[in-house]
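In: fold the stuff below for me.
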Amino acid sequence: MNRHKILLVDDDPSLLKLLSLRLRANGFDIETASSGRQALGKLSASQPHRIHKIVTGLREVIAETHPTILSIEDVFLSKNVKSAFKLGQIRGAVMALAMDQGLEVREFTPSQLKQAVTGYGQADKGQVQYMMKTILGLAEIPKPHDAADALALAISAITHEGWNRKVGSP
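Out: Numbering: from 1, shown residues only. Predicted structure coming up:
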C-alpha cells in the first residue's frame, strides 16, 4: 500500500491544507488531515511581503509535517489581469520552494480535477462534493466546497502517479 502525505494548494495560496492518504487496492483511506486549513496570516502587505510571508509559512509547514507531494491547482482564467499576475507570482514561489524542499510538484487545472473525480470536466461543485463522499466512503458530503476541491487535488495527485507509472511520464 502506498501512503502519501500531500500538501494541497488550491485557488488561495495563503491557505494550506495537508492530508495523509493511503492508496488501497480498492480505494483510498484518509489517515490524517490537518484541521482543514492553515492560514498564513493576514496578507494586506505589499506583494513582495505577501510572497515572503507565504513562503516562510510554507517552509514551516513542510518542516513540521514532511509532505512528499505538493498538489496545486493551476490558475484558471481570470478577468482581472492584475490579480492573475499576482497569483502567478505566488504560485511560482510556492512551487519553487516545494521543489527546493524535495517535494514532487503536481499541477492540475480545475477541469482536470473534475474529470479525474467525476468523469466530466465541467462538473459543478455539488457533483465534486458527492463524488468525494462516494470515493472516500465519507458519512457526509465534504463542506465547504473547497474541502471537496482539496480532496480532489489529493486524489488526482495519487491517481496521476499510477497513470504515469503505467504509460510513462511525459
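
In: every contact and neighbour count from this point should use C-alpha atoms.
Out: Will do.

In: could you find the closest non-adjacent residue to residue 102?
Out: In space, and not counting its chain neighbours, residue 102 is closest to residue 68: 7.6 Å by CA to CA, 6 or more residues apart in numbering.

In: enumerate every residue touching the one you found.
Out: Applying CA atoms under 8 Å, 6 or more residues apart in numbering to residue 68 gives the contacts 4, 5, 6, 7, 102, 103, 104.

In: ok, of those, which come out buried?
Out: By neighbour count, with 16 or more other CA atoms under 10 Å, those hold 4, 5, 6, 7, 103, 104 as buried.

In: still on that earlier bit, look up how far residue 113 lies from the residue nearest to residue 102.
Out: Distance, residue 68 to residue 113, by CA to CA, to the nearest Å: 20 Å.

In: can you show me the helices along the chain?
Out: In order along the chain, the chain carries the following helices (DSSP state H): 47-65, 81-100, 110-118, 125-136, 145-167.

In: next, format those as CSV and append mean neighbour count, distance to residue 72 and mean pLDDT.
Out: Formatted as CSV, the helices of the chain follow (neighbours: other CA atoms under 10 Å; distance: least, CA to CA, whole Å; pLDDT from 0 to 100):
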stretch, mean neighbour count, distance to residue 72, mean pLDDT
helix 47-65, 16, 13, 84
helix 81-100, 16, 8, 88
helix 110-118, 21, 10, 91
helix 125-136, 18, 17, 90
helix 145-167, 19, 7, 70
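
In: how about those in a markdown table, adding distance to residue 73?
Out: Shown next, in a markdown table, are these (distance: least, CA to CA, whole Å):
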| stretch | distance to residue 73 |
| --- | --- |
| helix 47-65 | 16 |
| helix 81-100 | 9 |
| helix 110-118 | 7 |
| helix 125-136 | 15 |
| helix 145-167 | 7 |
